[in-house]
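> dropping a prediction and its sequence here:
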Number of protein chains: 2
Amino acid sequence: MRNIRLVIEYDGSKYHGWQFQSNAHSVQQELAMAIKKLTGESVIPDGAGRTDAGVHALGQVASFMTKSSIPAERFAPALNSILSSGISVLRSEQVDPDFNPRFSAKGKHYCYLILNRAQRSPLWEKRAWHIRETLDHDAMKKAAQYLTGTHYFKAFCASGHQNKTFDRTITHSSWQFKDGILRYDTMGNAFLYNMVRIMVGTMVDIGRGRFPPEIILEAFKTGDRNTLGMTAPAAGLYLVEVFY
Amino acid sequence: MRNIRLVIEYDGSKYHGWQFQSNAHSVQQELAMAIKKLTGESVIPDGAGRTDAGVHALGQVASFMTKSSIPAERFAPALNSILSSGISVLRSEQVDPDFNPRFSAKGKHYCYLILNRAQRSPLWEKRAWHIRETLDHDAMKKAAQYLTGTHYFKAFCASGHQNKTFDRTITHSSWQFKDGILRYDTMGNAFLYNMVRIMVGTMVDIGRGRFPPEIILEAFKTGDRNTLGMTAPAAGLYLVEVFY
């Protein structure tokens, strides 16, 4: 048995999230079906992060065990010839038998895109959050800086989670503003359920002047989700890379 | 009667091109239907460039005459509330009665995107030309420089055109190479039918080593389409801006 690791890109607008569900089409399910067609083996691939419906991935990581004799690097093109156009395997390689994409992960990189202009965009539809109002970029940058470091992120965790601890370390948190596209990048050791979307939603509310940037410092103390801003829509979020 | 100018973005993959056709869905047709619904007037808006099926626009320009009393700048949001998500009017304004988006144009800016990597991309599907082979960037840059200036571009014109003269001036022609995305930008006073796509297709064949960059200088002399490379796919082409 070999353990095969895949790096995967997908258009989240075409799936009901990463995770297998009995009543909806998921990335994990389509991947399992393609592996079955290729190798004849029934396996459910593990994933590094359970992206929600609408969330995109540029570098999701999955792995599965196989008895097949297909060379490891051939899985990428072979699976792509089976998978629909919404999913693409970018790379495939053999890894240690005890590698697990979720538990072996040392960190993740997410980015979030906002289209900030008066009229909607056909080309950014389902790819970015469309916001019409002018936002205070300086206040958003200040908020992004407050998020860096090790903090108690319970206020940034949506209900319905399975998280038991809430201390997380954000190593990178920054905004870039260019031609009406606002891009937020964050890296951290691990993220709570909906954490990036609550961070972005809160920073947008700060940019709108609804809150001061210091509301973030307050939320680290109280751990109260209700003190923060909205959860940003799934469509703007991208899982860029998983670090091992 | 007022003449209203619109700047329009559209996802070319959702339409059979700009121009009205009796048997297929076009941008011009959907725009005419939205204007009819908004003002009650039957007009066929003129466009600056007849983009082919699959070609995108970030800044197509159209205009139409109206007796409606709607303030000029309100046409953009009002039309967007009627148009489907594949088209968006970015700006609307009143212009001189003799303004014509095509004949008044002083120049155009197109860009072309190529995704250059081993595996296909869900997020760039229908947005870029996917090429797997390694390309010679230096040769492509050299070819782009040869295209700049005033030349006899007949070899860069597809059959089926209505063009009568073939001298055109390219004021800008450059490649940018970043993270597997190859972006070509060109500006000129006017472009022949399929000219940008033949330019890009030929530069890609040059990048593949099929031709030397000097084939372009040769084609300016002969005017023979058959000496050049393939026509690049529509999906990678964007009409960025029209200059007046």
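That came through fine. Numbers count the residues shown, from 1 in each chain, chains lettered A, B, ... in the order given.

> what are the structural domain limits within chain A?
Taking automatic domain parsing as the reference, chain A has its domains at A:2-95, A:109-243.

> mean neighbour count and distance to residue B:157 for those domains - can I get that in CSV?
Bear in mind the C-beta positions are built from the backbone N, C-alpha and C, glycine included. Below are these laid out as CSV (neighbours: other CB atoms under 10 Å in any protein chain shown; distance: least, CB to CB, whole Å):
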stretch, mean neighbour count, distance to residue B:157
domain A:2-95, 19, 33
domain A:109-243, 18, 28
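
> figure out which of the ones you listed is closest to residue B:34.
Evaluated over the domains of chain A, closeness to residue B:34 peaks at domain A:109-243, with 13.7 Å, by CB to CB.

> chain B contacts on chain A?
Within chain A, the positions adjacent to chain B are A:9-11, A:14, A:56, A:58, A:76-77, A:80, A:85-91, A:117-123, A:125, A:127 by CB under 8 Å from any CB of the partner chain.

> distance to residue B:168 and mean pLDDT added to the domains of chain A, as CSV?
Shown next, in CSV, are the domains of chain A (distance: least, CB to CB, whole Å; pLDDT from 0 to 100):
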stretch, distance to residue B:168, mean pLDDT
domain A:2-95, 36, 96
domain A:109-243, 27, 96
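
> give me the subset of the residues of chain A next to chain B lying in strands.
A:9-10, A:56, A:58, A:87-91 (DSSP state E).

> so how far is chain B from residue A:228?
29 Å (CB to the nearest CB, to the nearest Å).

> and residue A:169, how far from residue B:19?
Counting by CB to CB, to the nearest Å, the gap from residue A:169 to residue B:19 is 56 Å.

> actually residue A:144, not the one I wrote
Distance from residue A:144 to residue B:19, by CB to CB: 46 Å.

> and what of residue A:91?
Per CB to CB, residue A:91 is found 42 Å from residue B:19.

> show me where chain A has helices.
For chain A, applying DSSP state H gives helices covering A:27-39, A:75-80, A:137-147, A:195-207, A:215-222.

> switch those over to JSON lines; also include distance to residue A:4.
Formatted as JSON lines, the helices of chain A follow (distance: least, CB to CB, whole Å):
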{"stretch": "helix A:27-39", "distance to residue A:4": "9"}
{"stretch": "helix A:75-80", "distance to residue A:4": "6"}
{"stretch": "helix A:137-147", "distance to residue A:4": "35"}
{"stretch": "helix A:195-207", "distance to residue A:4": "28"}
{"stretch": "helix A:215-222", "distance to residue A:4": "40"}
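
> nearest to residue B:195, of these?
Comparing the helices of chain A against residue B:195 with CB to CB, the closest turns out to be helix A:75-80 (33.3 Å).

> residues in contact with that closest one?
A:4, A:6, A:31, A:34-35, A:38, A:70, A:88-92, B:118-120 (CB atoms under 8 Å, 6 or more residues apart in numbering or on different chains).

> swap in 7 Å and give it another go.
Residues outside helix A:75-80 that contact it (CB atoms under 7 Å, 6 or more residues apart in numbering or on different chains): A:4, A:6, A:34, A:38, A:70, A:88-92, B:119-120.

> and if you look at stretch A:55-67?
Identification of contacts with stretch A:55-67 by CB under 7 Å, 6+ apart yields A:1-12, A:18, A:31, A:35, A:39, A:41, A:43, A:45-49, A:51, A:95, A:99, A:101, A:234, A:237-242, B:123.

> inside strands: which ones of those residues?
Among the contacts of stretch A:55-67, DSSP E puts A:2-10, A:46-47, A:95, A:237-242 in strands.

> as a quick check, tell me the outermost residue of chain A.
The centre of chain A is farthest from one residue, residue A:69, which by CA atoms, centre = their mean lies 32.1 Å away.

> now do the phi/psi pair for that one.
Backbone torsions of residue A:69, given as degrees, to the nearest 10, read phi -100, psi 10.

> cool, and residue A:71?
Dihedral angles of residue A:71 (phi, psi; degrees, to the nearest 10) stand at phi -60, psi 140.

> got the contact list for it?
Residue A:71 touches nothing, counting by CB under 7 Å, 6+ apart.

> wait, residue A:126 sits on residue A:14?
No. Applying CB atoms under 7 Å as the test, residue A:126 and residue A:14 come out as separate, 9.1 Å apart.

> mind listing the shared neighbours of those two?
Counting by CB under 7 Å, 6+ apart, residue A:126 and residue A:14 have no contacts in common.

> in TSV, list the domains of chain A along with distance to residue B:183.
TSV is the format used below for the domains of chain A (distance: least, CB to CB, whole Å):
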stretch	distance to residue B:183
domain A:2-95	18
domain A:109-243	14
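
> so which of those comes closest to residue B:133?
Between the domains of chain A, domain A:2-95 lies closest to residue B:133; by CB to CB that is 14.4 Å.

> that closest one spans what distance, first to last residue?
End-to-end span of domain A:2-95 (CA to CA, to the nearest Å): 8 Å.

> with stretch A:74-83 instead?
Note: stretch A:74-83 ends 14 Å apart using CA to CA.
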